[in-house]
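> Take a look and give me a structure for this.
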Amino acid sequence: MKNSFYSALIFFICLLLSSCNPSSPATKKEDLTPTKALTYADTISGILFKNCSPCHRPGQAGPFNLLTYADAKKNANKIKFVTQTRYMPPFPADVSYAHYVDEKVLSPTQIEMIKTWVEKGCPPGDTSKIKAPVFYEGSLFGKPDVVVKMQEAIPIKGNGSDHFFMIKIPYQLPHDTFARFFEFVPNQRKLAHHVNGHLINYEDEKKADVFKGKTYSLDIPKGDGNVYTQMGLLNDDGSYPILTPNTVYYLPGYAPPVYPQHIGGYKINKKGAFFLKNMHYGPSKSDCEDISAINIFYGPKPTRPIQETQLGTFGIAPTEPKLDIPANTVKTFRSHWVTPTDLSIISVNPHMHLLGKSFWAYALTPQGDTIRLIKINKWDFKWQYYYTFIHPLKIPAGSTVYAYGVYDNTEKNPYNPYHPPRDCKERDDFMSMGTTEEMFQFIFTYLLYQPGDELMDLSKKPTFHN
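Residues are numbered from 1 along each chain as shown. Below is the predicted model of the structure:
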């Protein structure tokens, strides 16, 4: 009882202190006079190109393009509204609590400039001098070294239900090599909810044909052997090949984190396959098909392996109390874990579903110091990033990592899938991943700490092919 009392006390003291953070952008005074002319060419285009165009372009999630003056003028009132309400650009994390690489957060000055520009009739300025960004179609990073696609279309029934698949995406390369990272590119962006995928490496003499076997299965097996055999995932002699877990990942708004070249990366044999152990498509109103792809970006042999773990659902520490959310209640849950050794946390990924209201995670050192990890004051199911820190955060051995999630199962939650609300109980099988079910996870990637990790700059942009 004493431990519970002191944990709760620490929770609310930290909440009070963080709410009084004097460095919050909302309280920072800014000069609202732009240094350049308030035109599209001189001011607005730069804001849009950096914060909006990466998604608002052909083949990406944005519903319209924002690459030209004509694009911006046509959608000017929408841009004004979504920036005034801070609905866009989407970056749920509270940057007054912690900072991350590639924060897409407009300052009050930028928001005011957009508003003024729209109200003044969207003056264009000298658009001839604008250099619009050039994006590579089919990737957020540039031209990949290899693109592998699903062998056949995955049929998605339009019955309004969630769909889960196991999918094999085989490939054969000229020789063994190393990959820096993999980028999952969904074909059905509006339906693809999440992907958890592994890399399978085959030894040449143990696997004659990596393309043989079923491409996908609707079933989540209770015993691995039967489905794995049907999909041709095993070696020809029935033994298991080398599997590297959690190498392919996807969530709405997700982009794979790219670390310095010596950090992370994977060995890939010339014969291999990506095994999407869980490919989740959200409900669809009409029948459709999906042929998604995985981009492979080569890299050097890694010297610092990255590890990943999670608290909460399916994690190394349980959710407390058990994730049961009665109808018409707002309820808080937590999970915590004591670090066995010094860690360098490099990125974090909170995960909840439609009942999520807010999320908070931090570490408490044995000396009582708080290390801020992430705070999301207003949870948005549609945007679930991997947040990469600008510098790795050292978490000393014996520290306790805490994660808290608040869930709103009332009529006041506009995203509640049920009206009137229903009791929501966490399931212990894959169906807990369904959109209308609930999960509570705090996923984080880390290195085993080495002196100097705190000085590593994770914000440096890698150079890829154009």
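> pLDDT below threshold where in the protein?
Along the chain, the parts satisfying pLDDT under 70 run over 1-36, 219-225, 428-434, 461-466.
> Kindly recompute the last result at 50.
For the chain, applying pLDDT under 50 flags the ranges 1-33, 223-224, 430-432.
> Quick one: the strands in the stretch 151-300 of the chain, in order.
154-156, 163-172, 177-185, 192-202, 216-217, 242-250, 266-268, 271-281, 288-290, 293-298 (DSSP state E, counting those that start in this stretch).
> can you redo these as TSV with distance to residue 37 and mean neighbour count?
Placement of C-beta: from N, CA and C, glycine included. Shown next, in TSV, are the strands of the stretch 151-300 of the chain (distance: least, C-beta to C-beta, whole Å; neighbours: other C-beta atoms under 10 Å):
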stretch	distance to residue 37	mean neighbour count
strand 154-156	49	18
strand 163-172	50	20
strand 177-185	38	20
strand 192-202	42	21
strand 216-217	55	18
strand 242-250	41	17
strand 266-268	48	18
strand 271-281	47	22
strand 288-290	46	16
strand 293-298	40	20
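> between these, which gets nearest to residue 356?
strand 192-202 (14.1 Å; C-beta to C-beta).
> so how far is that closest one off the chain centroid?
Distance of strand 192-202 from its chain centroid, counting by C-alpha atoms, centre = their mean, to the nearest Å, is 15 Å.
> Can you name the residues bridging to residue 325?
Note on residue 325: beta-bridge partners residue 424, judged by DSSP bridges.
> Go ahead and confirm it touches residue 439.
No - the criterion here is C-beta atoms under 8 Å, and residue 325 misses it with residue 439 at 11.5 Å.
> Identify the residue nearest the residue nearest the centre of the chain in space, chain neighbours excluded?
Central residue of the chain (C-alpha atoms, centre = their mean): residue 385, 2.9 Å from the mean position. Leaving aside its sequence neighbours, residue 385 sits nearest to residue 253 (C-beta to C-beta, 6 or more residues apart in numbering; 5.6 Å).
> repeat for residue 335
Spatially, and ignoring its direct neighbours in sequence, residue 335 is nearest to residue 311 (3.9 Å; C-beta to C-beta, 6+ apart).
> and the one you found, what element?
Taking DSSP states H and E as the criterion, the element that holds residue 311 is strand 307-312.
> before we move on, what about residue 348?
Assigned by DSSP H and E, residue 348 falls within strand 343-351.
> The residue nearest to residue 335 and residue 443, how far apart?
Applying C-beta to C-beta, to the nearest Å, the value for residue 311 to residue 443 is 8 Å.
> swap in residue 98?
Residue 98 is 16 Å from residue 443, by C-beta to C-beta.
> Please apply the same query to residue 308.
Separation of residue 308 from residue 443 (C-beta to C-beta): 7 Å.
> Can you report how many residues lie near the closest residue to residue 98 other than its chain neighbours?
In space, and not counting its chain neighbours, residue 98 is closest to residue 372: 4.5 Å by C-beta to C-beta, 6+ apart. Residue 372: 17 surrounding residues under other C-beta atoms under 10 Å.
> Would you tell me what helix or strand residue 372 is located in?
Assessed by DSSP H and E, residue 372 sits inside strand 370-376.
> other SSEs contacting that strand?
Strand 370-376 sits against helix 2-19, strand 343-351, strand 356-364, strand 387-395, with contacts defined as 3 or more C-beta pairs under 8 Å, 6 or more residues apart in numbering; DSSP states H and E.
> next structured bit after the longest one?
By that I understand helix 2-19. That would be, after helix 2-19 and using DSSP H and E, helix 45-51.
> Now do the buried residues in that following helix.
Using 16 or more other C-beta atoms under 10 Å as the test for burial, helix 45-51 gives 45, 47, 48, 49, 51.
> Over to stretch 305-322?
Using 16+ other C-beta under 10 Å as the test for burial, stretch 305-322 gives 306, 309, 310, 311, 312, 313, 315, 317, 318, 319.
> For stretch 123-143, measure first residue to last.
35 Å (C-alpha to C-alpha, to the nearest Å).
> Let me see the residues that make contact with it.
37-42, 45, 49, 53-54, 57-59, 67-69, 73, 117, 147, 183, 185, 255, 258, 293, 295, 297, 462, 464-466 (C-beta atoms under 8 Å, 6 or more residues apart in numbering).
> Mind doing that once more with 6 Å?
For stretch 123-143, the external contacting residues (C-beta atoms under 6 Å, 6 or more residues apart in numbering) are 39-42, 45, 49, 53, 57, 59, 67, 69, 185, 255, 295, 464-466.
> Need the buried ones from these selected in PyMOL.
Selection command for PyMOL covering only the buried members of the contacts of stretch 123-143, criterion 16+ other C-beta under 10 Å:
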select buried, resi 39+40+41+42+45+49+53+57+67+69+185+255+295+464
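> List the contacts of the closest residue to residue 449 other than its chain neighbours.
Nearest residue to residue 449, sequence neighbours excluded (C-beta to C-beta, 6+ apart): residue 342, at 3.6 Å. Contacts for residue 342 were tallied using C-beta under 6 Å, 6+ apart; they are 396, 397, 449.
> hmm, 8 Å instead?
Neighbour list for residue 342: 394, 395, 396, 397, 448, 449 [criterion: C-beta under 8 Å, 6+ apart].
> Now the buried members of the residues you listed.
394, 395, 396, 449.
> ok, the buried residues of stretch 305-322 vs residue 453, which is closest?
Using C-beta to C-beta, residue 306 comes nearest to residue 453 of those, at 12.4 Å.
> Report the contact partners of the closest one.
Residue 306 sits next to 259, 263, 264, 346, 445, 446, 447 when contact means C-beta under 8 Å, 6+ apart.
> Now with 10 Å, please.
By C-beta atoms under 10 Å, 6 or more residues apart in numbering, the contact set of residue 306 is 246, 257, 259, 263-266, 346-347, 445-448.
> what do you get for residue 353?
Counted by C-beta under 10 Å, 6+ apart, residue 353 has contacts 193, 379, 381, 384, 407, 415, 417, 424, 432-440.
> Show the buried residues in these.
The neighbour-count criterion (16+ other C-beta under 10 Å) marks 193, 379, 381, 384, 407, 417, 424, 432-440 among the contacts of residue 353 as buried.
> mind giving me the domain ranges of this protein?
According to automatic domain parsing, the chain comprises the domains 23-129, 146-304, 308-455.
> beta partners of the residue nearest to residue 335?
Beta-bridge pairing of residue 311 under DSSP bridges involves residue 442.
> burial of residue 373, as a residue count?
24.
> what's it in contact with, if anything?
By C-beta under 10 Å, 6+ apart, the residues touching residue 373 are 93, 97-98, 345, 348, 350, 360-363, 387, 389, 393, 395, 401-403, 442, 444.
> One more pass at 8 Å, please.
98, 345, 348, 361, 362, 363, 393, 401, 444.
> same deal with residue 149?
Neighbour list for residue 149: 169, 291, 292, 293, 294 [criterion: C-beta under 8 Å, 6+ apart].
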